[in-house]
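**Student:** dropping a prediction and its sequence here:
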Amino acid sequence: MRIAILGCGNMGLAFAKSFLHYNLVERQDLLLLGRHADHCQRLREAHPGLPTGELDAQVGTYDMVLVAVKPQDFGRVAESLRDVLQPEQVVLSIMAGIPIARLQRQLRHQAVMRAMPNTPALLGMGITGFSAAPEIDRLRLHQVENLLNATGRSLFLEDESMLDAVTAVSGSGPAYFFYIVQAMIDAGRQLGFSDSVASLLVKQTMLGAYHLLNNSEKSLPELIANVASKGGTTEAALRAFQAGNLTETLAAGIQAAQVRATELARE
C-alpha cells in the first residue's frame, strides 16, 4: 500500500516507523504531510530519506490517508483534505472521540475507518481498537488490520461506540500506570530511598508483576492472594487502599476519560 500520514507527531511517526520496520510499506510509498513548506523541511531534516509534502493533489494518489492530527485540529484540516481525496482511498483516523459519521460528513468521503491506539505503539507493544464504515470491504479491513498489528496488537469492534471506552481504558491507560508508578516512587522516597533506588525498586516490581500476570493461569484475585498473606504487610496496604476508595477513584477517572472522548466528538 501507498500511505500518506497527516499529523506527524509521536503517534503518526510511530505508525510510519512500524510500517517500515515490518516491510509493510516501501520508503518511497510513504508520505509525511507537513502543514506548510517550512514544516516539510523540518520533517525532511528529522527523517532523512522519507518523502514529505504538503496537503495537495498528490495525496489523491495514495491508497490510504492516516489522519493523526489532534481532534481539535480536525475541522481546520478537513476542508483541505476533502478537496484532494479520491473515492477509492481509505481514510484511517486515529483521532480520539471523532466518530465515523462525522469523518464521512466533513470529508464527504465514505471509505472511512477509525482506530484508537496507545503510546506503547512507539515500541511496537501497543493495543489498538478499530472500527470501519460499512463501505470498507473485507480485503481492505484485513489490510488495515495487518498495518495496525505492526504497532502491537489490534482488536476489531463492530460497535463503533465502544471506541470511546477503548480510549478511556487503553488509549489513556498508560498514563494511569505511569501515575501509579510515580506515586509508588514518591512513597519510596518518603520512606528514605534515593530517587534512583526508589525508581529501580518500583519499575522492576512492575515489570516482574506484568510477566507474572501475563504468564500465569491464575486469576487476578488469586495472584493478589498469593502476595497478601493473612495479617501481613500486603494485606495492611490493601486495606488502606480500600479505605481510600482507590478502586472507585480509578473507575471514576476512566469514566471521566470516556465522557471527555464523547465530548470531543461534538467540538
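**Tutor:** Perfect, I can see it now. Numbers count the residues shown, from 1 in each chain.

**Student:** packing partners for the longest helix anywhere in the chain?
**Tutor:** Secondary structure assigned by DSSP state H gives helix 195-215 as the longest helix of the chain. Secondary-structure packing of helix 195-215 (3 or more C-beta pairs under 8 Å, 6 or more residues apart in numbering; DSSP states H and E): helix 173-190, helix 220-227. Glycine gets a C-beta too; all of them are placed from N, C-alpha and C.

**Student:** out of those helices, which is the most enclosed?
**Tutor:** Each of the helices and strands packed on helix 195-215 was scored by mean neighbour count; the highest is helix 173-190, a mean of 14, by mean count of other C-beta atoms under 10 Å.

**Student:** next, the angle from the longest helix of the chain to helix 220-227.
**Tutor:** Orientation of helix 195-215 against helix 220-227 (axes from the mean of the first three to the mean of the last three C-alpha atoms, to 10 degrees) gives an angle of 130 degrees.

**Student:** put the alpha carbons of helix 195-215 into PDB.
**Tutor:** Provided in PDB are the C-alpha atoms of helix 195-215 (Å, rounded to 0.1, in the frame of the first residue of the first chain):
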ATOM      1  CA  ASP A 195      15.200   8.700  43.700                       C
ATOM      2  CA  SER A 196      17.300   6.200  41.800                       C
ATOM      3  CA  VAL A 197      16.800   3.400  44.200                       C
ATOM      4  CA  ALA A 198      13.000   4.000  44.600                       C
ATOM      5  CA  SER A 199      12.700   4.200  40.800                       C
ATOM      6  CA  LEU A 200      14.600   0.900  40.400                       C
ATOM      7  CA  LEU A 201      12.500  -0.900  43.000                       C
ATOM      8  CA  VAL A 202       9.200   0.200  41.600                       C
ATOM      9  CA  LYS A 203      10.000  -0.200  37.900                       C
ATOM     10  CA  GLN A 204      11.400  -3.700  38.300                       C
ATOM     11  CA  THR A 205       8.500  -4.600  40.500                       C
ATOM     12  CA  MET A 206       6.000  -3.500  37.900                       C
ATOM     13  CA  LEU A 207       7.900  -5.300  35.100                       C
ATOM     14  CA  GLY A 208       8.000  -8.500  37.100                       C
ATOM     15  CA  ALA A 209       4.400  -8.200  38.100                       C
ATOM     16  CA  TYR A 210       3.400  -7.800  34.400                       C
ATOM     17  CA  HIS A 211       5.200 -11.000  33.400                       C
ATOM     18  CA  LEU A 212       3.700 -12.900  36.300                       C
ATOM     19  CA  LEU A 213       0.200 -11.700  35.200                       C
ATOM     20  CA  ASN A 214       0.900 -12.500  31.500                       C
ATOM     21  CA  ASN A 215       2.300 -16.000  32.100                       C
END
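
**Student:** mind listing what's buried in that helix?
**Tutor:** 198-199, 202 (16 or more other C-beta atoms under 10 Å).

**Student:** residues contacting that helix, please?
**Tutor:** The set of residues external to helix 195-215 that reach it, using C-beta atoms under 8 Å, 6 or more residues apart in numbering, is 177, 181, 184-186, 188-189, 193, 220, 223.

**Student:** same deal with stretch 133-147?
**Tutor:** By C-beta under 8 Å, 6+ apart, stretch 133-147 touches 1, 3, 15, 19, 24, 64, 90, 92, 100, 104, 110-113, 115, 130, 132, 154, 156.

**Student:** which residue packs closest to residue 189, ignoring adjacent ones?
**Tutor:** The spatially closest residue to residue 189, leaving aside those adjacent along the chain, is residue 198, at 5.1 Å (C-beta to C-beta, 6 or more residues apart in numbering).

**Student:** what about that neighbour, distance to residue 63?
**Tutor:** Distance, residue 198 to residue 63, by C-beta to C-beta, to the nearest Å: 49 Å.

**Student:** hang on, residue 103 is in a helix, isn't it?
**Tutor:** Yes: counting by DSSP: H, G, I helix; E, B strand; the rest coil, residue 103 is located in a helix.

**Student:** residue 144 versus that one, what's the distance?
**Tutor:** In this view, residue 103 and residue 144 are 14 Å apart by C-beta to C-beta.

**Student:** same thing with residue 31?
**Tutor:** Counting by C-beta to C-beta, the gap from residue 31 to residue 144 is 17 Å.

**Student:** also residue 66?
**Tutor:** 10 Å.
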